[in-house]
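[1] Model the following, please.
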Amino acid sequence: MAQVVKGSFPVEKFVKVQTPFYYYDVDLLNQTLDLVKKESSANNVEVHYAVKANANPKVLSIIASKGFGADCVSGNEVKAAVEAGFPASKIVFAGVGKTDPEINLALEYNIFCFNAESIPELEVINELAAAKGKVANIELRVNPNVDAHTHHYITTGLNENKFGFNMDDLESVVKMIAGMKNLKLIGLHFHIGSQITDLSSFENLCVRVNDLQEKFESWGVKLENINIGGGLGINYEHPNHMPIADFESYFRLFAKHLKLRAGQTMHCEPGRSLVAQCGSLITKVTYVKKGKEKQFAIVDAGMTDLIRPALYDAYHRIENISSDADEEKYDVVGPICESSDVFDKEILLNGTKRGDYLAIRSAGAYGEIMASGYNLRRLPQGYLSTEF
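    Sure thing, here's the model as predicted:
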């Protein structure tokens with residue numbers, strides 16, 4: 001039997017905290033951040049971490065300490081980013097439904113820019129900025145109609161999606177902005193989707209951006225920034241063998257295919273690719289239930305703690321980090337009163353018994369941040385590896 005390769009966890013120390021909880025490997029997080037800093041610096045790219053992936057304050061502080069900016073999609077994310085140490089001058093604020101209080105908060109912080117997505121939004125930002133005697137920096141989020149070849153729930157760059165301006169409307173939008181005294185157009189923003197593993201999607205984005213640049217120049221508009229968004233995927237199947245996304249190829253692709261003008265800066269907004277692999281959901285086996293045709297490992301974590309399998313039918317590698325017994329097949333399920341509360345079916349785990357610890361891997365992104373209190377469940381806590 002082949003040796004089962006598992007992640008490294010201080011299992012004997014887990015008894016001091018209540019399960020389920022999120023465990024963040026600080027060494028891996030730092031290795032990932034350092035590589036991104038190296039590759040982005042070499043290619044003159046400004047990196048804004050997408051806070052929506054994971055807003056644990058301890059994780060945010062580590063990312064901020066590396067000098068990255070932040071990509072936010074709510075007023076509370078803007079506030080959390082500032083409190084974690086991200087400079088307001090490196091914060092971008094995106095989202096189709098920014099409320100007046102959220103816009104006012106961002107204006108008070110003097111953030112780098114708003115990634116605006118509609119004409120009504122531009123009108124409101126202009127009005128609120130005028131009331132404060134300020135000029136707001138604006139990037140137009142453009143819907144480039146590029147297929148990201150990913151799950152339809154996390155595809156965002158097609159004409160059918162709710163995000164951004166359609167390309168056919170851009171000339172009239174640019175003319176309108178010229179008459180708004182409290183807005184300054186500083187660039188274009190794109191985001192075609194999430195968990196993109198086919199890098200050709202980014203090549204297609206570059207082609208679209210290059211064409212748009214020519215159009216803007218024909219309209220007499222010089223852009224300071226091109227923000228290509230985020231979306232780089234990770235390897236959920238093999239987190240131990242491929243713990244860091246292929247940032248080298250990612251940045252090299254844009255350096256080769258994106259035709260930046262003199263003085264322009266490229267910005268990007270990675271989220272999942274920075275934090276997913278460093279995080280695991282640690283859960284304890286409550287019961288092993290044996291049926292006629294299968295057996296269930298019933299754990300104390302549920303879809304309230306990690307909703308991705310139920311919401312997206314997403315795969316997460318699961319390891320029994322307490323056992324070296326021979327492998328057996330299990331359905332790993334939670335305690336929530338929903339049939340969709342299943343982490344995976346018919347998977348091989350080392351022989352499992354009540355009290356064993358399971359690690360649900362690659363859960364550092366869209367895990368803790370999406371947890372809910374359904375069934376009046378306690379929210380899972382997040383701990384750094386340095387706390388054990």
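
[2] Remind me what the lowest-mean-pLDDT helix or strand in the chain packs against, helices and strands.
    Ranking every helix and strand in the chain by mean pLDDT, DSSP states H and E puts strand 165-166 at the bottom, with a mean of 90. Packed against strand 165-166, as judged by 3 or more CB pairs under 8 Å, 6 or more residues apart in numbering; DSSP states H and E, are the following elements: strand 136-143. (C-beta placed from N, C-alpha, C; glycine too.)

[3] which other residues reach the strand it packs on?
    With CB atoms under 8 Å, 6 or more residues apart in numbering as the test, strand 136-143 has contacts from 92, 94, 107, 112-117, 122, 125-126, 129, 157-159, 161, 163-167, 170, 173, 177, 182-191, 212, 225, 227.

[4] Now, the residues you listed that are in helices?
    Leu107, Leu122, Ile125, Asn126, Ala129, Leu170, Val173, Ile177, Leu212 (DSSP state H).

[5] Contact partners for the residue nearest to the second one when sequence neighbours are not counted?
    Meaning Leu122. Using CB to CB, 6 or more residues apart in numbering and skipping residues adjacent in sequence, the residue nearest Leu122 is Ala116, 5.4 Å away. Applying CB under 8 Å, 6+ apart, we find Ala116 in contact with Leu122, Ile125, Ile138, Glu139, Leu140, Arg141.

[6] how about a cut-off of 10 Å?
    The contact partners of Ala116, by CB atoms under 10 Å, 6 or more residues apart in numbering, come to 93-96, 98, 122, 124-126, 136, 138-141, 164-165, 173, 177, 183, 185, 189.

[7] Quick check: bridge partners of it?
    Beta-bridge partners recorded for Ala116 (DSSP bridges): Leu140.

[8] what's the spacing between it and Gly75?
    15 Å (CB to CB, to the nearest Å).

[9] same thing with Leu128?
    13 Å.

[10] for Glu117, same thing?
    16 Å.

[11] again with Ile226
    Distance from Ile226 to Gly75, by CB to CB: 26 Å.

[12] More neighbours: which of the two?
    The residue with more neighbours, out of Ile226 and Gly75, is Ile226; 25 against 20, by other CB atoms under 10 Å.

[13] Nearest residue to the more buried one in space, please, no chain neighbours.
    Using CB to CB, 6+ apart, the closest residue to Ile226 is Met266 (5.3 Å).

[14] Mind listing residues that contact the host helix or strand of the one you found?
    Secondary structure from DSSP states H and E places Met266 in strand 265-268. Residues outside strand 265-268 that contact it (CB under 10 Å, 6+ apart): 36, 40, 43-48, 50, 69, 71, 90, 92, 112-113, 115, 139, 186-187, 189-191, 209, 223-232, 250-251, 254-255, 258, 260.

[15] quick one: Pro309 and Ile336 touch, right?
    No. With contacts counted by CB atoms under 10 Å, Pro309 stays clear of Ile336, the gap being 11.8 Å.

[16] residues shared between the contacts of those two?
    Shared contacts of Pro309 and Ile336 (CB under 10 Å, 6+ apart): Met303, Val342.

[17] For stretch 379-388, which residues meet the burial criterion?
    By 16 or more other CB atoms under 10 Å, the buried positions in stretch 379-388 come out as Pro380, Gly382, Tyr383, Leu384, Ser385.

[18] And the least confident helix or strand of the chain, how far out from the chain middle?
    Between the centre of strand 165-166 and the centre of its host chain there is 23 Å, according to CA atoms, centre = their mean, to the nearest Å.

[19] related to what we said a few turns ago, any chance of a PyMOL selection covering the buried ones in the contacts of strand 265-268?
    This is how PyMOL selects the buried members of the contacts of strand 265-268, with burial counted by 16+ other CB under 10 Å:
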select buried, resi 36+40+45+46+47+48+50+69+71+90+92+112+113+115+139+186+187+189+190+191+209+223+225+226+227+228+229+230+231+232+250+251+254+258+260
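
[20] how about the nearest residue to Met167, chain neighbours excluded?
    Distance criterion CB to CB, 6+ apart; nearest residue to Met167, sequence neighbours excluded, is Val142 at 6.3 Å.
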